[in-house]
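[1] Kindly return the folded structure for what I paste below:
(one chain, ligands or ions: 1)
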Amino acid sequence: MTSGGDAPGMNPAVRAVVRAGIYYGCDVFAVYEGYTGLVEGGDLLKKMGWEDVRSYLSEGGTNIGTARCKEFRQREGRLTAAYNMVINGIDALIVCGGDGSLTGADLFRSEWPSLIEELVSSGKLTTKEVEPYKNLTIVGLVGSIDNDMSSTDATIGAFSSLERISEMVDYIDATAKSHSRAFVVEVMGRHCGWLGLMSGLSTGADFIFIPERPPKAGKWQDDLKKVCSRHRNKGKRKTTVIVAEGAIDDELNPITSEDVKKVLVDLGLDTRITTLGHVQRGGTAVAYDRMLATLQGVEAVRAVLETTPDTPSPMIGILENKIVRQPLVEAVKLTKSVADAIESKNFNKAMNLRDSSFEE
Ligand code: F6P
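    Prediction:
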């Protein structure tokens, strides 16, 4: 299943899971439209063959669809999902999505025995029918352009998005230089500044705003002016400022592209704003994401086969170039603690947590 916002590399992940599953002797189903597919069942649960995922490696988005499913948030929806899984003979779920989708999956796993019990007590299924489905195995693959998950160096899709942003900023640079203009480029990333920081580094931006390193409220305007003037005085004909969508100052006030533009205009620069939007999520995956998705997809299937009811649900990550299994719940908890640290203005802690999660 792919769930949450799509990310380049999700199709390669599906391809790897389907083919590794078949290789290891499993019956593999694609769940279409995220959790909606589990709740609605029927045609949205499709048994996959080797050929069904042909050409997935080089296709962007997710061919099996993704959705935000309100029904699955309710116990009633999860009960129907459990029923649909059992009648199709499904006892394991590999979810490729962001932290919300993976948390939902782990909750489903912990609730599973009571859902099965209810299906029997309500007469929907017999004790014999549920016998092989006492436990549900969950494995998480992190698919998100934001690179916002702890305990892994890279999420599937982040490097493709970074590539896309860098390419777009190069295009913008050409016109900026021609007109001697300033551009404020707003990039995605939700509460995480990875895309902003790395695209700024990759394109030599003059200034970068990210949530994890908020500048001083009321003071950043002067700092921005100083830096941009210094660069202009050195003969630079363009000014590029990257603003991550979650950018804030140290009083937690949002810093918007409009705020930044005003400062640059005040400096006398002819300024335009470019919000890159969903082009950052589109297009095919770069080679790194195809490789990551493939290696992780195979590892996810192995994890399904090796996980016992006592093992915590694993999330497949990559640390120092090695594909690893991490406890899913812990990784989500660490990810949330970065957001909490930012919210309580403990910015050093937020930075340390991001760093330490890379090191773990
Ligand atoms: O999580 C991926 C992401 O693209 C974020 O960077 C962004 O904040 C959000 O999804 C946009 O969501 P939507 O596609 O629903 O507008």
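[2] interface residues of the stretch 151-300 of the chain facing the ligand?
    Proximity of the stretch 151-300 of the chain to the ligand (Cβ under 6 Å from any ligand atom) is limited to residues 188-190, 245, 281. (Glycine included, C-beta is placed from N, CA and C.)
[3] Tell me the residue of the stretch 101-250 of the chain that sits nearest the ligand?
    Residue nearest to the ligand within the stretch 101-250 of the chain: residue 188 (3.2 Å; Cβ to the nearest ligand atom).
[4] returning to what we had before: most neighbours among the residues of the stretch 151-300 of the chain next to the ligand, please name it.
    When those are compared by neighbour count (other Cβ atoms under 10 Å), residue 189 ends up highest, at 28 neighbours.
[5] you'd agree it is up against residue 245?
    Yes - with contact defined as Cβ atoms under 8 Å, residue 189 counts as touching residue 245 (5.9 Å).
[6] returning to what we had before: least confident pick among the residues of the stretch 151-300 of the chain next to the ligand?
    Confidence by pLDDT is poorest for residue 190 among those, given 93.
[7] That one: what's it in contact with?
    Counting by Cβ atoms under 8 Å, 6 or more residues apart in numbering, residue 190 touches 146, 148, 245-246.
[8] For these, give me CSV that also has secondary structure.
    Shown next, in CSV, are the contacts of residue 190 (DSSP: H, G, I helix; E, B strand; the rest coil):
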residue, secondary structure
146, coil
148, coil
245, coil
246, coil
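[9] Which of the residues you listed ranks first by neighbour count?
    Comparing the contacts of residue 190 by number of neighbours (other Cβ under 10 Å), residue 146 comes first, having 26 neighbours.
[10] what about the strands in the protein?
    29-31, 45-47, 92-97, 137-142, 182-187, 207-209, 239-244, 271-275, 314-319, 322-327 (DSSP state E).
[11] Can you list the strands that the second one pairs with?
    Strands adjacent to strand 45-47 in the sheet, as given by DSSP bridges, are strand 29-31 (antiparallel).
[12] Okay, residue 328 and the ligand: tell me how far apart.
    18 Å (Cβ to the nearest ligand atom, to the nearest Å).
[13] Could you count how many residues lie near that residue?
    Neighbours of residue 328 under the rule other Cβ under 10 Å: 27.
[14] ok, now the one 4 residues further on?
    Under the neighbour criterion other Cβ under 10 Å, residue 332 is assigned a count of 21.
[15] Then residue 124?
    Residues near residue 124, counting by other Cβ under 10 Å, number 16.
[16] Now do the same contact list for the closest residue to it other than its chain neighbours.
    Computed as Cβ to Cβ, 6 or more residues apart in numbering, the closest residue to residue 124 that is not its neighbour in sequence is residue 83, at 6.0 Å. The contact partners of residue 83, by Cβ under 8 Å, 6+ apart, come to 41, 119, 124-125.
[17] now those residues in TSV, with pLDDT and distance to the ligand?
    Formatted as TSV, the contacts of residue 83 follow (pLDDT from 0 to 100; distance: Cβ to the nearest ligand atom, whole Å):
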residue	pLDDT	distance to the ligand
41	97	25
119	98	33
124	97	34
125	97	36
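[18] Between the residues you listed, which sits nearest residue 228?
    Checking the contacts of residue 83 against residue 228 by Cβ to Cβ gives residue 41 as the nearest, at 56.6 Å.
[19] OK, contacts around the residue positioned nearest the centre of the chain?
    Centroid check for the chain by Cα atoms, centre = their mean gives residue 144 as the closest residue, at 1.8 Å. The contact partners of residue 144, by Cβ under 8 Å, 6+ apart, come to 4-5, 7, 97-98, 155-158.
[20] repeat for residue 282
    Neighbours of residue 282 in contact, by Cβ under 8 Å, 6+ apart: 8, 60-61, 164.
[21] please redo it, this time with the cut-off set to 10 Å
    The contact partners of residue 282, by Cβ atoms under 10 Å, 6 or more residues apart in numbering, come to 6, 8, 60-61, 160-161, 164.
[22] can you list residues touching both of residue 189 and residue 245?
    With Cβ under 10 Å, 6+ apart, residue 189 and residue 245 have common neighbours 146, 195-196, 211.
[23] So which of these are in helices?
    195-196 (DSSP state H).
[24] Now, of the shared contacts of residue 189 and residue 245, which are buried?
    146, 195-196, 211 (16 or more other Cβ atoms under 10 Å).
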